[in-house]
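[1] with the sequence up front, the predicted model follows.
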Amino acid sequence: MRDDEWISSFTEVSSFCTMHDIPILNMDEIFGVSGRPRRNTQQNTNLHHYRVELFYTVIDLQLQELNNHILEANTNLLLCMACLNPSNSFVAFDKEKLICLAKFYPSDFIGIDILVLGSQLQNYILDMRNNDLFLEFQGVGELAEKLVKTGKH
C-alpha cells in the first residue's frame, strides 16, 4: 500500500472533494506551515507534505504496529507450543502455557473446555510420565504416532 496506493487514494479523495464542492489544494504549490515564518522552514510542496509526511508516516506506523503484533503473537504461540515437547520425560511441560495455547484456538476450545483443560492436562502429564511407553520420544510426531497406536489420542 505504501508503494502503490498513493495515486488511487489521492484520486478517490479528489473525486470525493469534487463531488461535494470541496476545494482541492494545488499539489505543486509550497506547503504553508501556519504559525511559522516561511524563511525559517524547509520549503516543501503540498504533494511532499501530504504524501511523504502524512501518508507514508501513517502507513509506516500501521505496518510497524502490525509487525509488532504479529511478532508478539508468534513468539507467544511458539513458547506455548514448546511445552508439547515430549523429550526428557516431558520436562518442558507447562500446564499454564498449554492453556494459553488452547486460547489461540477459540473455535476448538469453548467455554467449559478451557475450564476443565487444566485438570485434563494434569492427568495427561501424570499418565505420560508414569507409562514407560511414553518416556523416550524426540518429538511431537513420535508422540502422536504412539498415542494413536495405544488408543490414548
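    Okay, I see it. Residues are numbered from 1 along each chain as shown.

[2] does the residue nearest the centre of the chain lie in a helix or a strand, and which?
    Nearest residue to the geometric centre of the chain (C-alpha atoms, centre = their mean): I70, 2.3 Å. Element membership for I70, per DSSP states H and E: helix 57-81.

[3] may I see the buried residues of that helix?
    Neighbour-count burial for helix 57-81 flags I59, C80 (criterion: 16 or more other C-beta atoms under 10 Å). Where C-beta positions appear, they are placed from N, C-alpha and C, glycine not excepted.

[4] for the protein, what spans make up the helices?
    Secondary structure of the chain by DSSP state H: the helices cover 6-19, 46-48, 57-81, 87-90, 95-103, 112-129, 140-150.

[5] list the contacts for I7?
    Applying C-beta atoms under 8 Å, 6 or more residues apart in numbering to I7 gives no contacts.

[6] same deal with A102?
    Residues near A102 by C-beta under 8 Å, 6+ apart: D108, F109, D113, I114, L117.

[7] nearest to E29, out of the helices of the chain?
    Closest to E29 of these is helix 46-48 (C-beta to C-beta; 5.6 Å).

[8] mind listing residues that contact the closest one?
    Against helix 46-48 from outside (C-beta under 8 Å, 6+ apart): L25, N26, M27, D28, E29, I30, F31.

[9] break the protein down into its domains, please.
    Using automatic domain parsing, the domain parsing of the chain gives 6-68, 87-150.

[10] ok, the residue nearest to I125 when sequence neighbours are not counted - how many residues close by?
    Of all residues not flanking I125 in the chain, F93 sits nearest, at 5.1 Å (C-beta to C-beta, 6 or more residues apart in numbering). For F93, the neighbour count with other C-beta atoms under 10 Å is 19.

[11] quick check, pLDDT for F93.
    In this prediction, F93 carries a pLDDT score of 86.

[12] that one and D127 touch, don't they?
    No: F93 lies out of contact with D127 (C-beta atoms under 8 Å); the separation is 11.9 Å.
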